[in-house]
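# Have a look at this prediction, sequence included:
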Amino acid sequence: MAVRYLSVSRRYPIDFCRLTSSASARSFLGFFSTAAEQRSAGDDCHGDDGNQSHSVTHVRTLETRARKLEQQFDDLTERYKRALADSNNVRKRTQKFVEDAKLFGIQSFCRDIVEVADLLEKSSVVVEERDGAQQLSQYLAHIQGRLQEVFTKHGLEKMSPIGGQYDPYQHEIVCHSPAEGAEPGTVAMVKQDGYMLHGRTIRHALVGIAVKTQEQ
């Protein structure tokens, strides 16, 4: 306010001391005061409009971000659903493969073993047509040889433990016998043949172990 008075005094060189003591002076000062208040009120209105515009812009920015995040969420949800469906399909196919492997895993072995079954059926015909022990013995030997070929083809191996050391992973002791010409603790006899499939014991051999007698 003092600055305005000084500015006016420069433009209008009058005696402000006299004006302040008169009614004219009071009117003159009231004019400048009212103008200043109106200007201040106008500045405040412009300030409120600026704040409101900034708030609207901020709200619109937040709405835009929210829409983008919602789109990203929908996209990720769809991807997750598709990945989950693919995973379930893979799991079902794998389960079906395992089930088929359990059912048909020995298909090749069965195809070969039925040939041996055919030979056994023919052996009864041989006995009826050929009344000879020699022919029957030869035919049975042929069947046994064919059966061993099938076993070897599929990794099935018959154990030959006679004379070897006792192995608890392959043999099962059923008796003891005198060690006549055999080392004590070795396998002296086989009551039932044992078999291994690809090096794994699937049936233990029932064996008799040689022991040293008092006479020996």
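Arrived safely.
# contacts and neighbour counts: CA atoms only from here.
OK.
# And the residue nearest to the spatial centre of the chain, which helix or strand is it part of?
In the chain, the residue lying closest to the centroid (CA atoms, centre = their mean) is Ser87, at 9.0 Å. Assigned by DSSP states H and E, Ser87 falls within helix 23-104.
# Please pull up the helix or strand immediately following that helix.
Of the helices and strands lying after helix 23-104 in sequence (DSSP H and E), the nearest is helix 107-129.
# Off-centre distance for stretch 196-206?
Relative to its chain's centre, stretch 196-206 lies at 35 Å (CA atoms, centre = their mean, to the nearest Å).
# what stretches of the protein score poorly on pLDDT?
Counting by pLDDT under 70, the low-confidence segments of the chain come to 1-50, 124-132, 214-216.
# re the thing from before, roughly how far apart are the residue nearest to the centre of the chain and Lys81?
Ser87 sits 10 Å away from Lys81 when distances are taken as CA to CA, to the nearest Å.
# Number of residues surrounding Asn51?
Using other CA atoms under 10 Å, Asn51 has 11 neighbouring residues.
# quick one: it from Met189, how far?
Taking CA to CA as the measure, Asn51 falls 106 Å from Met189.
# what's the answer for His154, then?
Using CA to CA, one gets 27 Å for the distance from His154 to Met189.
# okay, those two: which has more neighbours?
Neighbour count, other CA under 10 Å: between His154 and Met189, Met189 has more, with 17 against 14.
# Quick check: beta-bridge partners of the closest residue to that one other than its chain neighbours?
Leaving aside its chain neighbours, Met189 sits nearest to Gly208 (5.0 Å; criterion: CA to CA, 6 or more residues apart in numbering). With DSSP bridges as the criterion, Gly208 is bridged to Cys175, Met189.
# My guess is Gly208 contacts Ala179. True?
No: at 10.4 Å, Gly208 and Ala179 do not qualify as touching, with contact defined as CA atoms under 8 Å.
# More neighbours: these two, which one.
Shown here are Gly208 and Ala179; by other CA under 10 Å, Gly208 has more neighbours (23 against 18).
# so what's that one up against?
Applying CA atoms under 8 Å, 6 or more residues apart in numbering, one finds that Gly208 lies in contact with 173-177, 187-191.
# If we use 10 Å, what do you get?
162, 166, 171-178, 185-191 (CA atoms under 10 Å, 6 or more residues apart in numbering).
# try Val98
Counting by CA under 10 Å, 6+ apart, Val98 makes contact with 92, 104-105.
# ok, now Ser177?
Listed by CA under 10 Å, 6+ apart, the contact set of Ser177 reads 184, 187-189, 208-213.
# if I've got this straight, it is in a strand?
Yes: judged by DSSP: H, G, I helix; E, B strand; the rest coil, Ser177 forms part of a strand.
# any idea how far it lies from Asp193?
Remark: distance between Ser177 and Asp193 (CA to CA) = 18 Å.
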